[in-house]
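K.L.:
pasting a predicted model and its sequence here:
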Amino acid sequence: MAFPHDIVGWIAVGSAVVTVLTAVVKVWIVNPLSAQISELNGNFGALNTALSKSQIEIDELSKHLSQHDVTLATHGEQIHTLFNKNDK
């Protein structure tokens, strides 16, 4: 009758070892990695916000530059017209 009791004993010891190893892995590996991943997620959120603000600023500068391009084209046409009048 010792045989079934030996198997049950080894199963109990094995399950205890697995439980301890699972707890150790969770404490030493999973929890620190979870904290680092959460921190990285926050950093990516801040980076995304900064990039959005930068894109808005770039769009505003582009719009302002387009207005200057129109003004320069108008001035170029006016200068060309003035020189054509003086040549005649």
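P.N.:
That came through, no problem. Residues are numbered from 1 along each chain as shown.
K.L.:
residues contacting whichever strand or helix holds His5, please?
P.N.:
Using DSSP states H and E, His5 maps to helix 2-25. The contact list for helix 2-25 (C-beta atoms under 8 Å, 6 or more residues apart in numbering) is empty. Quick note: C-beta positions are derived from backbone N, CA and C, even for glycine.
K.L.:
buried stuff in it?
P.N.:
Neighbour counts over helix 2-25 (16 or more other C-beta atoms under 10 Å) mark no residue as buried.
K.L.:
now do stretch 57-73
P.N.:
Buried, per 16+ other C-beta under 10 Å, within stretch 57-73: nothing.
K.L.:
alpha carbons of that stretch, as PDB, please.
P.N.:
Taking Å, rounded to 0.1, in the frame of the first residue of the first chain, the C-alpha atoms of stretch 57-73 are listed here in PDB:
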ATOM      1  CA  GLU A  57       2.600  74.100 -34.900                       C
ATOM      2  CA  ILE A  58       4.000  72.900 -38.200                       C
ATOM      3  CA  ASP A  59       0.600  73.200 -39.800                       C
ATOM      4  CA  GLU A  60       0.300  76.800 -38.500                       C
ATOM      5  CA  LEU A  61       3.800  77.700 -39.800                       C
ATOM      6  CA  SER A  62       3.000  76.100 -43.100                       C
ATOM      7  CA  LYS A  63      -0.200  78.200 -43.400                       C
ATOM      8  CA  HIS A  64       1.700  81.300 -42.500                       C
ATOM      9  CA  LEU A  65       4.400  80.500 -45.100                       C
ATOM     10  CA  SER A  66       1.800  80.000 -47.700                       C
ATOM     11  CA  GLN A  67       0.400  83.500 -47.000                       C
ATOM     12  CA  HIS A  68       3.900  84.900 -47.400                       C
ATOM     13  CA  ASP A  69       4.300  83.000 -50.700                       C
ATOM     14  CA  VAL A  70       1.100  84.600 -52.000                       C
ATOM     15  CA  THR A  71       2.300  88.000 -50.900                       C
ATOM     16  CA  LEU A  72       5.700  87.500 -52.600                       C
ATOM     17  CA  ALA A  73       4.000  86.400 -55.800                       C
END
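K.L.:
the helix holding His5: what's the following helix or strand?
P.N.:
Heading C-terminal from helix 2-25 (DSSP H and E), you reach helix 31-87.
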